[in-house]
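Colleague: Would you be able to build a 3D model of this:
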Amino acid sequence: MAPPGGGGTFAPAVRAASRALLDWSLAQYARPSNAFCHGALVLAQLLFAGMHITAASALDHIPPFSFCALRLALALPFLYWLARREGGRALRGWERAWPLPMGAAIGTAYALVFVCNQRSGPNYTAMVQPLIPLAAAAMSAALRIERVDAMKAGGLFVSVVGTTITLRVWTNEDEAPGVVDSIFLMTQPIAYATYVVLLALALKRVRAGDGSNSTAAVTRRSVTTSHFEDEDDDDDDDVVIEGLDRPPPGPMLFLFAATVVSEIVIASVGVRGLVRRVEWSTLPAHAYLAVLYAGIMSSCFAHGINSWAISHVSGVLPTVYSGVQVIFTVILADIFLDEGAFYKIVSDWSPYDRVGEVDAVP
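Modeller: Next up is the predicted model:
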């Protein structure tokens, strides 16, 4: 029975609002506004930061490569669904070669992020992420994919300097990573930057080969398909068949294919740890949740957002937001891991060693 006062209209109103939100989201996905792109990229960095935090304690129970293998196995079905929903055609000819270098690059980044987290901690792992835009900008300029002008260079400078200051405050001689750990920390963001550049280059090549961009192709397809559904005239058949030409492969298909390649290698290494080193009978619940988070929220949503953004904005722009990941990770580590990073950063720039205690004057 409907409640008095017109409450019976509440459910239809919710359905209508949900439908309007879905329609708006789909429209933004196809032709995003600048605000939507920037908001999505900030969200991706928050999701990445959450993975650093949730994985930190889980890696005490699951080896890094084994953790990564589980993460990717969980993510692949969702990435496949996203690739199918994207609506692009399948890879053909020389395009099938792109997932191999992409898989090597993103697979290295996938695995090393957990190796670095276990060996150096989530804060160090996050704080080297601003190397991604530097490496991506250098490679993009060298390959003439994107010109790095003064404004972009200035943005990169601000991002890296901010992270450098944070690292300087957080690091001391006793805590600094060793040579091997430093190599791992440097390699991980550079590997991800390589994937970003390869993806931008692949999208540029396949669109040039098709003689159209994905947005125009999707628009043409949707218009002619709706025309086909609304009118049954045989005279329109030739128009409809032309409109059903599928757009070029999109970023989600490349991300899925690259992840398949990387999972083959990572799983071949990580399966041994899953069998011999994981105590499944005593594995805590938070370790399972960490794998779920890494597989769905990071591999699907965060990497998906970055790959989607590259198809709509310049290849370097999504990587510039990696500096935001540092802020999120430091704050979340302070809250959930009790690492005291936020307090250390603030106290280093204040005359107080502890709250309410002034530095002693010699």
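
Colleague: could you point out which element follows whichever helix or strand residue 37 is part of?
Modeller: Here residue 37, judged by DSSP states H and E, is contained in helix 34-58. Next in sequence after helix 34-58, counting helices and strands by DSSP H and E, comes helix 64-86.

Colleague: If you count neighbours, what's buried in the helix or strand just after that next one?
Modeller: Using DSSP H and E, the helix or strand that directly follows helix 64-86 along the chain is helix 99-120. Across helix 99-120, burial judged by 16 or more other Cβ atoms under 10 Å covers 99, 101-120. Heads up, the C-betas are built off the backbone N, CA and C, glycines and all.

Colleague: any idea how far the residue nearest to residue 98 when sequence neighbours are not counted lies from residue 277?
Modeller: Counting by Cβ to Cβ, 6 or more residues apart in numbering, residue 98 lies nearest to residue 202, which is 4.5 Å off, once chain neighbours are set aside. As for residue 202, its distance to residue 277 is 37 Å (criterion: Cβ to Cβ, to the nearest Å).

Colleague: what about the two, which has more around it?
Modeller: Higher neighbour count among residue 202 and residue 277: residue 202, with 23 against 12, using other Cβ atoms under 10 Å.

Colleague: Share the number of residues neighbouring residue 267, please.
Modeller: Counted with other Cβ under 10 Å, residue 267 comes out at 17.

Colleague: Quickly find the element holding it.
Modeller: Residue 267 belongs to helix 251-276, assigned by DSSP H and E.

Colleague: Equivalent analysis for residue 305, please.
Modeller: Secondary structure from DSSP H and E places residue 305 in helix 303-310.

Colleague: Need the per-residue pLDDT for the residue nearest to residue 89 when sequence neighbours are not counted.
Modeller: Computed as Cβ to Cβ, 6+ apart, the closest residue to residue 89 that is not its neighbour in sequence is residue 246, at 3.9 Å. Per-residue confidence (pLDDT) for residue 246: 79.

Colleague: circling back: what's near enough to touch the residue nearest to residue 98?
Modeller: Going by Cβ atoms under 8 Å, 6 or more residues apart in numbering, residue 202 touches 95, 98, 102, 254.

Colleague: make it 10 Å
Modeller: 91, 95, 97-99, 101-102, 248-249, 251, 254, 258, 310 (Cβ atoms under 10 Å, 6 or more residues apart in numbering).

Colleague: Residue 121 - how many residues pack around it?
Modeller: Residue 121 is flanked by 21 other residues according to other Cβ under 10 Å.

Colleague: Next, count neighbours for the closest residue to it other than its chain neighbours.
Modeller: Of all residues not flanking residue 121 in the chain, residue 56 sits nearest, at 7.0 Å (Cβ to Cβ, 6+ apart). Using other Cβ under 10 Å, residue 56 has 21 neighbouring residues.

Colleague: returning to that earlier point: mind checking the SS state of the residue nearest to residue 98?
Modeller: The local conformation at residue 202, judged by DSSP: H, G, I helix; E, B strand; the rest coil, is helix.

Colleague: any idea how far it lies from residue 99?
Modeller: Residue 202 sits 9 Å away from residue 99, going by Cβ to Cβ.

Colleague: any idea how far the closest residue to residue 146 other than its chain neighbours lies from residue 290?
Modeller: With Cβ to Cβ, 6+ apart as the criterion, residue 146 has its nearest non-adjacent residue at 4.2 Å, and that residue is residue 140. Computed as Cβ to Cβ, the residue 140 to residue 290 distance reads 33 Å.

Colleague: Residue 296 now?
Modeller: Look at residue 296 and residue 290: by Cβ to Cβ, they are 11 Å apart.

Colleague: If anything else comes up later, I'll come back, but that's it for now.
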